[in-house]
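Chemist: Sharing a sequence plus its predicted fold:
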Amino acid sequence: MFELLTEKLTRIFKELRGRGRLSENNIQEALRGIRLALLEADVNYKVVKNLLEEIRQRALGQEVLESLTPGQQVIKIVHEELTRLMGEGKRDLDLSGEKPLCLMLVGLQGSGKTTTGGKLADYLRKRGYHPYLVPVDIQRPAAIEQLCKIGEDIDIPVHPTDTREKAEDICLKAKEAASRIGSDILILDTAGRLHIDEQLMEELLRIKDVIHPAEILLVADAMTGQDAVNLASAFNQVIDITGVILSKMEGDARGGAALSIMAVTNKPVKFVGIGEKLDALEPFYPDRMSSRILGMGDVLSLIDKAQAEFDKKEAIELARKIKKDEFDLEDFKKQLAYIQKMGSLEEILGMIPGIGQMMKVGRLNTDERELVRFEAIINSMTPEERKDHRIISGSRRKRIAMGSGTRVEDVNRLLKNFGQTKNMLKKFGRGTVRDLSSLAGFS
């Protein structure tokens, strides 16, 4: 996500930081580079023009030209303007009305709408709601079957849609059924087409008129760039969407859609899909996204992920072990498992400031198969070896390698990494981070 854009902007800002003083020519040159990088990322050209004008006016002000750190001031301005462009604060779903509420998902065929419905249901269920999935695409039985399978996988009820009925009648019956079974939120997976047509829009308007949805969310494929922005504009003009969910942000999306949609439609991006798994849906934070784009990492999102996966009691117990120097290979294996649950290793490390650049130049290995190998190696150890790695002699290393189907070099690398991790955690225990649980946001 945003990889090429981040790389180009990082190069521009590195040059700015290297200058003691900035002239108007220096700033104009940097703005030209930013303009080109944004256009190549498929950001709407009118949006780029307006954004650059805002940055230019602020960057040529006295606060920058007379600053002792002018390069940093320009980066700060770019960060603030990118955040403003994408809508500044996080926009939550409006779930304040009378229950059951309806969330209406709209979009074209192939945008990931049905899968996003399942992701949204899983997201809401984890926050204490009781969602009810409603397949409304009566023209595509495969879409109905897909949503039924998703509901089964995540244990969320799915309405038994009768394709002989009208879409709006299905929605009304689903609302009655949701009330009977105690569901408080309906997620309507409406019809999708290969392109926008009058028949589709008329059907969506009929559903809107009878069901009065709390939210109308457009699911748009982030990989389509400006097409996603044009799609958002078209849907917004006809049915007045309340927000956008950008799917497939984990792919080679250039980022133009995320940066342009709010400016073009005045409707916020509310969620982004970041993977194929049904828990791979994140709220959209413009300020955090700006930080990622500018290569500054995203520690707050990393903490959110940690809070979702780490057990508070285990985090406190782990902190106690670290303080007493009792952190062993069994604990190490547990932490590797937590990391795997949090998402792809590359994505997690990319949220840490400075790590992204290390990955690009090959100074950091992000091969997730390494975690699997490490787990297999630890599983091949005896309880005594896991408790005290210092007793693992050469002959023991050979036995462990044979038992785990790996090489002695792999065992050596695991032990070296474990030793480095243990030393680092000991420093945390002695330093300002007094309790490891604070790293996961626990107090």
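Modeler: Received, thanks. Numbers count the residues shown, from 1 in each chain.

Chemist: From here on, just use CA atoms for contacts and neighbour counts.
Modeler: Fine.

Chemist: how near is Leu414 to Leu371?
Modeler: 9 Å (CA to CA, to the nearest Å).

Chemist: er, Ser233 actually
Modeler: 44 Å.

Chemist: again with Val264
Modeler: Taking CA to CA, one finds Val264 at 43 Å from Leu371.

Chemist: any idea where the strands of the stretch 201-350 of the chain begin and end?
Modeler: Along the stretch 201-350 of the chain, the stretches classed as strands by DSSP state E, counting those that start in this stretch are 215-221, 243-247, 269-273, 281-283.

Chemist: so what does the second one touch, helix or strand wise?
Modeler: Strand 243-247 is packed against strand 215-221, strand 269-273, with contacts defined by 3 or more CA pairs under 8 Å, 6 or more residues apart in numbering; DSSP states H and E.

Chemist: The shortest one: which residues count as buried?
Modeler: For strand 269-273, the buried set under the neighbour-count rule, 16 or more other CA atoms under 10 Å, comprises 269-273.

Chemist: mind putting these in a markdown table, distance to Glu7 and pLDDT included?
Modeler: A markdown table is the format used below for these (distance: CA to CA, whole Å; pLDDT from 0 to 100):
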| residue | distance to Glu7 | pLDDT |
| --- | --- | --- |
| Val269 | 24 | 92 |
| Lys270 | 26 | 95 |
| Phe271 | 24 | 94 |
| Val272 | 21 | 91 |
| Gly273 | 22 | 91 |
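
Chemist: from those residues, which is closest to Leu95?
Modeler: Leu95 has its nearest neighbour among these in Lys270, at 13.4 Å by CA to CA.

Chemist: That closest one touches Gly243, doesn't it?
Modeler: Yes - checked against CA atoms under 8 Å, the pair Lys270 and Gly243 is within contact range at 6.1 Å.

Chemist: re earlier: out of the helices and strands packed on strand 243-247, which comes closest to Leu188?
Modeler: strand 215-221 (9.6 Å).

Chemist: now for the closest one, which elements pack on it?
Modeler: Using 3+ CA pairs under 8 Å, 6+ apart: strand 215-221 touches strand 101-106, helix 113-125, helix 226-239, strand 243-247.

Chemist: Show the average pLDDT along the third one.
Modeler: Right, helix 226-239. Per-residue pLDDT values over helix 226-239 give a mean of 89.

Chemist: how far is that helix from where the chain is centred?
Modeler: 23 Å (CA atoms, centre = their mean, to the nearest Å).

Chemist: can you pull the buried residues of that helix?
Modeler: For helix 226-239, by 16+ other CA under 10 Å, it's 226-233, 235-236.

Chemist: give me the low-pLDDT residue ranges for this structure?
Modeler: 1, 20, 62-68, 251-255, 296-312, 314-315, 339-368, 425-443 (pLDDT under 70).

Chemist: Which residues are in contact with Ile144?
Modeler: 135-138, 161 (CA atoms under 8 Å, 6 or more residues apart in numbering).

Chemist: Thr116: which of those residues is nearest?
Modeler: Looking across these and measuring by CA to CA, the closest to Thr116 is Pro135, at 12.5 Å.

Chemist: so what's the backbone phi/psi at that closest one?
Modeler: Backbone torsions for Pro135, taken as degrees, to the nearest 10, come to phi -80, psi 120.

Chemist: Reformat the helices and strands packed on strand 215-221 as JSON lines; add distance to Ile150.
Modeler: Formatted as JSON lines, the helices and strands packed on strand 215-221 follow (distance: least, CA to CA, whole Å):
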{"stretch": "strand 101-106", "distance to Ile150": "16"}
{"stretch": "helix 113-125", "distance to Ile150": "6"}
{"stretch": "helix 226-239", "distance to Ile150": "25"}
{"stretch": "strand 243-247", "distance to Ile150": "17"}
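
Chemist: Met381: which of these is closest?
Modeler: Comparing the helices and strands packed on strand 215-221 by CA to CA, helix 113-125 comes nearest, at 37.3 Å.

Chemist: elements contacting the closest one?
Modeler: Helix 113-125 sits against strand 101-106, strand 131-135, helix 141-154, strand 185-189, strand 215-221, strand 281-283, with contacts defined as 3+ CA pairs under 8 Å, 6+ apart.

Chemist: next one: it to chain centre, how far?
Modeler: 14 Å.

Chemist: let's number from 23 now, not from 1
Modeler: All right, first residue 23 from here; so that's helix 135-147.

Chemist: Restrict that helix to CA atoms and write it as PDB.
Modeler: Output in PDB follows, covering the C-alpha atoms of helix 135-147 (Å, rounded to 0.1, in the frame of the first residue of the first chain):
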ATOM      1  CA  LYS A 135     -18.600  -6.200  -1.600                       C
ATOM      2  CA  THR A 136     -19.900  -9.600  -0.300                       C
ATOM      3  CA  THR A 137     -16.600 -10.400   1.500                       C
ATOM      4  CA  THR A 138     -16.600  -6.900   2.900                       C
ATOM      5  CA  GLY A 139     -20.100  -7.500   4.300                       C
ATOM      6  CA  GLY A 140     -18.700 -10.500   6.200                       C
ATOM      7  CA  LYS A 141     -15.700  -8.500   7.400                       C
ATOM      8  CA  LEU A 142     -18.000  -5.700   8.600                       C
ATOM      9  CA  ALA A 143     -20.200  -8.200  10.500                       C
ATOM     10  CA  ASP A 144     -17.200  -9.700  12.200                       C
ATOM     11  CA  TYR A 145     -15.900  -6.200  13.100                       C
ATOM     12  CA  LEU A 146     -19.200  -5.200  14.700                       C
ATOM     13  CA  ARG A 147     -19.700  -8.500  16.500                       C
END
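
Chemist: Give me the buried stretch members for that helix, please.
Modeler: The neighbour-count check on helix 135-147 (16+ other CA under 10 Å) flags 135-145, 147 as buried.

Chemist: what does stretch 399-418 give?
Modeler: For stretch 399-418, by 16+ other CA under 10 Å, it's 399-403, 407-409, 414.

Chemist: Stretch 195-207 too?
Modeler: So, applying 16+ other CA under 10 Å, buried residues of stretch 195-207: 196-197, 200, 205-207.

Chemist: What of stretch 338-345?
Modeler: 338, 340-342, 344-345.

Chemist: Just the endpoints, please. Distance across stretch 347-354?
Modeler: Termini of stretch 347-354 sit 13 Å apart (CA to CA).

Chemist: distance between that stretch and the chain's centre?
Modeler: With CA atoms, centre = their mean, you get 30 Å for stretch 347-354.

Chemist: neighbouring contacts of it?
Modeler: So stretch 347-354 is contacted by 340, 343, 400, 408-411, 440, 444, 448 (CA under 8 Å, 6+ apart).

Chemist: So which of those residues are in helices?
Modeler: 340, 343, 400, 408-409, 440, 444, 448 (DSSP state H).

Chemist: ok, which pair from the residues you listed is furthest apart?
Modeler: Distances among these were taken as CA to CA; the most separated pair is Ile400 and Lys448, at 21.4 Å.
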